[in-house]
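Peer 1: sequence isn't available, so here's the structure alone:
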């Protein structure tokens, strides 16, 4: 393991921000999905039951996992965005950024190590959310659980979780250039709002940040179809974000 | 290969501006091996900016800042194995223990993984951090955080040191500790650039004292001289008079 990756891993492992975000997303998302699913099937006439019912696509496992998908598409983008913000903004907020200069390990390598540990964390988070969602569904006894229904639903959630977390990578650029947390948080909120607008205007499938959300409602009436070309935009956005981030760290000054 | 012959730290006609403000104004300075070269000045005189330029944290607008014979902004990575610095905030990640912080700094400063434990043990002992080694850095007092910052900056036993106000937040015992530690580095032929506001402290340890004012070298103080404070203010005042600038 490279020196910089080892150091970044220590920091990530000990971080309360990361532990809280991981715990909240890993446990709360499936439980929220189950909660909405139960409310939708409760036969209630209140506004929450009506809303939850409108979000249901199909029935049984398909419906339950579909709800988790829809929550995960937004919540994981925001949650992963907070962690990315912390990883790339913390030296600015702590004012320890000068400590990363004048080292035999270049700042570009340090930034690359941050990207590497975040990539590992995003994959682990996606697997955690998917596993917990399946376990919660099994424990709650959501109808028959044939593998031909559960496995594709789990793979779709995994895909959505990975895409949503990867899409938070531009936050690294904003936290770096903005030298702290607040610009990055502003960017996260702006992107969620823009995704809503893009979907309303019917161009959502080509707006990369809307792709996980639209994948989550695939099959519902009137939902735009997200094809491979639109999905391919997501890794392109992430690659561009990583390139810009590394470039900024290589050229950065302490101001 | 490292260029030979020149002192480890050299600036030549160095200039750095921040907008209209000239932070460093044509500065020539050098720090030789086996000496402590102190820079003193009022707030905003350019002491920290000078160190940042020598550490590649800032690009000069003109002139050169050289470290071990290389342009600081483009020095080969291995150059920095020999350099240790503490500028402003100590290297102290709040979520890591004292021991992990020193180990992290050691890794980033090029300490071999196989020797890391041994080197960290030595630093913990040397900087008097044994009692706190398992505690998180955010549980430390300001003074102990400064000790941790110094231990992190010097864990790899560099031969070129740049320390900005190293005695910040330290108690009298800590100040004496710093003085003795720097003396051992000088005996090992290290080159040390130091800034401080405390003239009495500098008088005890510095070999040369350069006075900076408005980014310029306006004179030197003899560390063995008397009334250094009076001499310092005379130099500052004369500099302002000579340039027709209002004294501040």
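Peer 2: Structure's in. What do you need? Since we're looking at a predicted model, the values are computed, not measured.
Peer 1: from here on, just use CA atoms for contacts and neighbour counts.
Peer 2: Fine.
Peer 1: ok, and the helix or strand in the chain with the lowest average confidence?
Peer 2: I went with chain A, as the question did not name one. Ranked by mean pLDDT, DSSP states H and E, the weakest helix or strand in chain A is helix A:47-55, scoring a mean of 73.
Peer 1: nope, chain B
Peer 2: helix B:199-205 (a mean of 86).
Peer 1: hmm, who's touching that one?
Peer 2: B:36, B:38, B:40, B:179, B:183, B:196, B:209, B:223, B:224, B:228, B:229 (CA atoms under 8 Å, 6 or more residues apart in numbering or on different chains).
Peer 1: could I get the average pLDDT for stretch A:61-78?
Peer 2: Looking at stretch A:61-78 alone, the average pLDDT works out to 93.
Peer 1: chain center to it: distance?
Peer 2: The chain centre lies 11 Å from the centre of stretch A:61-78; the measure is CA atoms, centre = their mean, to the nearest Å.
Peer 1: let me see the contact set for the residue in chain B positioned nearest to chain A.
Peer 2: Of all residues in chain B, residue B:77 sits closest to chain A, at 4.3 Å by CA to the nearest CA. Listed by CA under 8 Å, 6+ apart, the contact set of residue B:77 reads A:103, A:104, A:105, A:106.
Peer 1: if we use 10 Å, what do you get?
Peer 2: The neighbours of residue B:77, taking CA atoms under 10 Å, 6 or more residues apart in numbering or on different chains as the test, are A:102, A:103, A:104, A:105, A:106, B:110.
Peer 1: just say helix, strand or coil for the first one.
Peer 2: Counting by DSSP: H, G, I helix; E, B strand; the rest coil, the backbone at residue A:102 sits in coil.
Peer 1: could you pull up the residues touching it?
Peer 2: By CA under 10 Å, 6+ apart, the neighbours of residue A:102 are B:52, B:54-57, B:72-73, B:75, B:77-85, B:108-109.
Peer 1: next one: the third one
Peer 2: Applying CA under 10 Å, 6+ apart, one finds that residue A:104 lies in contact with B:75-83, B:107-110.
Peer 1: hmm, try it at 8 Å
Peer 2: Residue A:104 neighbours (CA under 8 Å, 6+ apart): B:77, B:78, B:79, B:80, B:81, B:108, B:109, B:110.
Peer 1: who is the residue most central in space within chain B paired with across the strands?
Peer 2: In chain B, the C-alpha nearest the mean C-alpha coordinate belongs to residue B:163, at 1.8 Å (CA atoms, centre = their mean). For residue B:163, the beta-bridge partners are residue B:86, residue B:194 (DSSP bridges).
Peer 1: per-residue confidence for it?
Peer 2: 96.
Peer 1: where's residue A:157, which helix or strand?
Peer 2: helix A:147-166 (DSSP states H and E).
Peer 1: most neighbours among the contacts of residue A:104, please name it.
Peer 2: Neighbour counts for the contacts of residue A:104 peak at residue B:109, which has 28 neighbours (criterion: other CA atoms under 10 Å in any protein chain shown).
Peer 1: what's the distance between that residue and residue A:191?
Peer 2: 39 Å (CA to CA, to the nearest Å).
Peer 1: run a quick neighbour tally on residue B:189.
Peer 2: There are 15 residues near residue B:189, going by other CA under 10 Å.
Peer 1: give me the nearest residue to the residue of chain A at minimum distance from chain B, chain neighbours excluded.
Peer 2: Nearest residue of chain A to chain B, counting by CA to the nearest CA: residue A:104, 4.3 Å away. Distances taken as CA to CA, 6 or more residues apart in numbering or on different chains put residue B:77 closest to residue A:104, at 4.3 Å, once the chain neighbours are dropped.
Peer 1: secondary structure element holding residue A:79?
Peer 2: helix A:60-94.
Peer 1: can you give me the strands in chain B?
Peer 2: Under the criterion DSSP state E, chain B carries strands at the ranges B:9-18, B:21-31, B:35-40, B:62-67, B:70-71, B:83-86, B:160-164, B:191-195, B:208-213, B:216-221.
Peer 1: partner strands of the shortest one and their direction?
Peer 2: In its sheet, strand B:70-71 lies beside strand B:62-67 (antiparallel), with partners assigned from DSSP bridges.
Peer 1: what residues does the partner strand touch?
Peer 2: Under CA under 8 Å, 6+ apart, the answer for strand B:62-67 is B:8-16, B:26, B:53-55, B:71-72, B:75.
Peer 1: ok so, going back, looking at the strands of chain B, spot the one closest to residue B:125.
Peer 2: Nearest of the strands of chain B to residue B:125, taken as CA to CA: strand B:83-86 at 18.6 Å.
Peer 1: can you list the residues that contact the closest one?
Peer 2: So strand B:83-86 is in contact with A:99, A:102-103, B:149-150, B:153-154, B:156-164, B:166, going by CA under 8 Å, 6+ apart.
Peer 1: helix, strand, or coil at residue A:43?
Peer 2: Looking at residue A:43 with three-state DSSP, the answer is coil.
Peer 1: before we move on, back to that, which ones among the contacts of residue A:102 lie within helices?
Peer 2: B:52, B:54, B:108 (DSSP state H).
Peer 1: and the second one, what does it touch?
Peer 2: I take that to be residue B:54. Neighbours of residue B:54 in contact, by CA under 8 Å, 6+ apart: B:9, B:11, B:65, B:66, B:67, B:72.
Peer 1: just the pLDDT at it, thanks.
Peer 2: Looking at residue B:54, its pLDDT reads 98.
Peer 1: can you count the residues close to the residue nearest to residue B:183 when sequence neighbours are not counted?
Peer 2: In space, and not counting its chain neighbours, residue B:183 is closest to residue B:205: 7.6 Å by CA to CA, 6+ apart. Neighbours of residue B:205 under the rule other CA under 10 Å: 18.
Peer 1: show me where pLDDT drops low in the stretch 101-250 of chain A?
Peer 2: A:219-223 (pLDDT under 70).
Peer 1: how about the residues of it by chain B?
Peer 2: Applying CA under 8 Å from any CA of the partner chain, we find that the stretch 101-250 of chain A lies next to chain B at A:101, A:102, A:103, A:104, A:105, A:106.
Peer 1: one step back: quick one: which of the contacts of strand B:62-67 is most hemmed in?
Peer 2: residue B:55 (28 neighbours).
Peer 1: look up how far residue B:193 lies from it.
Peer 2: 12 Å.
Peer 1: before we move on, what about residue A:22?
Peer 2: 45 Å.
Peer 1: before we move on, what about residue A:29?
Peer 2: Counting by CA to CA, the gap from residue A:29 to residue B:193 is 54 Å.
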